[in-house]
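Visitor: Below is the structure, and that's it, no one-letter string:
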């Protein structure tokens, strides 16, 4: 992205100012000499104690006041960046209502410090070292176009015009161009626009996506053809290509082409993002580079989710999914990176390198930059600080003891012939990794209070578990694992009986097996395990193991309210999830919501033949994500895209216990729902914040806000789409909330 400084001339320039109600535009006449001094605003950098009333700093801080032509600039970001450490470090804070700031706890080094904010363009970078007062001069954007270059991706993506509700169900390529499988506008948004579509992997609306690469546009007859070619780029091209065909190819290509055409012609976002307000100004964002420019992150782990004091001050580990066979590691105390090599059990394990680009990438050409056999997706950390990773270790065919004819208790009831990821555990004491084969597949993994890991990702119809206590005693992977079918208590007698299959009609005298799989999962305090089921409307399901889970497990199934006249809210397509200390389930939806489901609010029968899935709409509460929506959208609430959520049960962020957090991947920040209202903690630099996994840790319970934080990796599959372009590496981001913007 071309983040330019304003060039000063003897003319009128438009200045953006922030009031408590938002941005407004005023016209200020500036002469050449005054503008040169004011707009380019070289800073006054002085020792602590001079030139910044009310700002107190220590020897490892930088502080000062940010002013513009009309006085103090409230709610703008001050960014401090250094390359003097083993890895690049960026720390960002927000100014208070008098334009004052303190960037705390900077390691020794040489720093660039500058101002970024809505209504501004970047101020000149000033070189400094910790322990100094640095007063900064903000630079007003010369016009709305220059200001909009810094807007979050959501504001640009909200210009996308989705097909009207009247176009559904689709009538096919010979009709309105929308697949008949798309029965509603919501299903279309889920399929090709929001988190289960394009924004599941990319930050749509950033400069790299709202503009078509010249190498593609110049070789295409029109922008529709350019989009057709664009979505085939790179190793994910086949998947993107198939998704467009699934929803109605030409209509979807035309929708995206119209969006980028209007932007290329000069259309700007109609909404203006507010500057940080209130407690949003208390955030401290710390960012480290890690990994390498050809990989991407999916997840990260910092501690044991059940006890976040585990691994205090220790390393944070990352998951590279399809892109690499190592775990990137950040040591936050030394600001240094390292790598842990991952291995497979079978040398013939498939690799993402086997999938060449469907078409050349504008960035990497025909090179297959992703090379991973392990495809590590997500993690859990145990009480000993060991890292348990969902990792592929063999070819898809399962061992004989997983299949029909085995003596394994689970295989006798529900044999599994193929599975993908197993487990790989890293022990930081021995520095060794160990592969573990499981019959079922792992995606997200979480511990219950008995040190049993619970799985997601199926295969379809299966929930699996791995008892780490048994494994520690025996190292027998076969004995330590089990799995069960998902079976509804359809006859309502409270126990598992003979059941009908998914393709058979329900029998009121029998239970019923359902062919679903969890995406997100989380054990509850009562021994049950909750998970999300993707789709429209999608659902959350409660898996109750019983005394002998392969034989006794039952499932409850609660769909999102959708086309339900009895429901006061409507939503669809859950993805990530977590559970709070009261066993309330929280999930993010492709309909642009953060949703909660409280089983305790259900009024009717939870099991039996009348438990249709839509039988507890009163259990759902939906919170619309902030920010603008797509043009013409009716079925959803926001153009933001939240991939996953995390319940901060231990107040690791610093805004309270049991606060649900969501990844605002197009609003470019962390969304915290506090007392029913969202706080948006944006990451302004580099633009392109896009997260999937979240974790938290308490390093020192006695040091207040400094001793804890929330961690997220930047997880776009295309780090080269971020500000900085090709060569940009993935990032690890830490969020902390201090008592006020001047706390040090």
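Guide: Good, I have the coordinates. Treat the numbers as computed from the prediction; the structure is a model and nothing was measured. Numbers count the residues shown, from 1 in each chain.
Visitor: give me the number of residues near residue 153?
Guide: 29 (other Cβ atoms under 10 Å). For glycine as for every other residue, the C-beta is placed from the backbone atoms N, C-alpha and C.
Visitor: what about residue 91, neighbour count?
Guide: Applying other Cβ under 10 Å, we find 22 residues neighbouring residue 91.
Visitor: With residue 171 instead?
Guide: Using other Cβ under 10 Å, residue 171 has 14 other residues around it.
Visitor: Need phi/psi at it.
Guide: phi -110, psi 10 (degrees, to the nearest 10).
Visitor: how about it, what does it touch?
Guide: Residues in contact with residue 171 (Cβ atoms under 8 Å, 6 or more residues apart in numbering) are 178, 180.
Visitor: On the pLDDT front, check it for me.
Guide: Predicted confidence (pLDDT) for residue 171: 98.
Visitor: so how far is residue 181 from it?
Guide: Distance of residue 171 to residue 181, given as Cβ to Cβ, to the nearest Å: 11 Å.
Visitor: before we move on, what about residue 577?
Guide: From residue 577 to residue 181 the distance is 26 Å (Cβ to Cβ).
Visitor: can you check residue 659 too?
Guide: Residue 659 sits 38 Å away from residue 181, going by Cβ to Cβ.
Visitor: what does residue 606 give?
Guide: Going from residue 606 to residue 181 by Cβ to Cβ gives 31 Å.
Visitor: Which one's more surrounded, those two?
Guide: Taking other Cβ under 10 Å, residue 606 and residue 181 do not tie; residue 606 has more neighbours (18 against 14).
Visitor: tell me the pLDDT at the residue lying closest to the more buried one once chain neighbours are set aside?
Guide: Spatial nearest neighbour of residue 606, excluding adjacent residues (Cβ to Cβ, 6 or more residues apart in numbering): residue 556 at 5.8 Å. Note on residue 556: pLDDT of 98.
Visitor: Regarding residue 556, what is its secondary structure?
Guide: strand (DSSP: H, G, I helix; E, B strand; the rest coil).
Visitor: gap between it and residue 425?
Guide: Separation of residue 556 from residue 425 (Cβ to Cβ): 32 Å.
Visitor: mean confidence score for stretch 534-543?
Guide: 98.
Visitor: Next: stretch 662-677.
Guide: Mean pLDDT, stretch 662-677: 98.
Visitor: Then stretch 278-297?
Guide: Averaged across stretch 278-297, the pLDDT comes to 98.
Visitor: quick one: buried residues of that stretch?
Guide: Neighbour-count burial for stretch 278-297, with 16 or more other Cβ atoms under 10 Å as criterion, is recorded at 279-297.
Visitor: from those residues, which ones fall inside strands?
Guide: Using DSSP state E, the subset of those located in strands is 283, 284, 285, 286, 287, 288, 289.
Visitor: Can you add distance to residue 434 and give those back as CSV?
Guide: Output for those, formatted as CSV (distance: Cβ to Cβ, whole Å):
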residue, distance to residue 434
283, 39
284, 37
285, 36
286, 32
287, 32
288, 28
289, 29
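Visitor: what's the closest of those residues to residue 707?
Guide: Taking Cβ to Cβ as the measure, residue 707 lies nearest residue 284 of these, at 12.8 Å.
Visitor: Now the closest one: closest residue in space that isn't a chain neighbour?
Guide: Using Cβ to Cβ, 6+ apart and skipping the chain neighbours, the partner closest in space to residue 284 is residue 736 (4.6 Å).
Visitor: Checking my notes, that neighbour in a strand, right?
Guide: Yes. Remark: residue 736 belongs to a strand, assigned using three-state DSSP.
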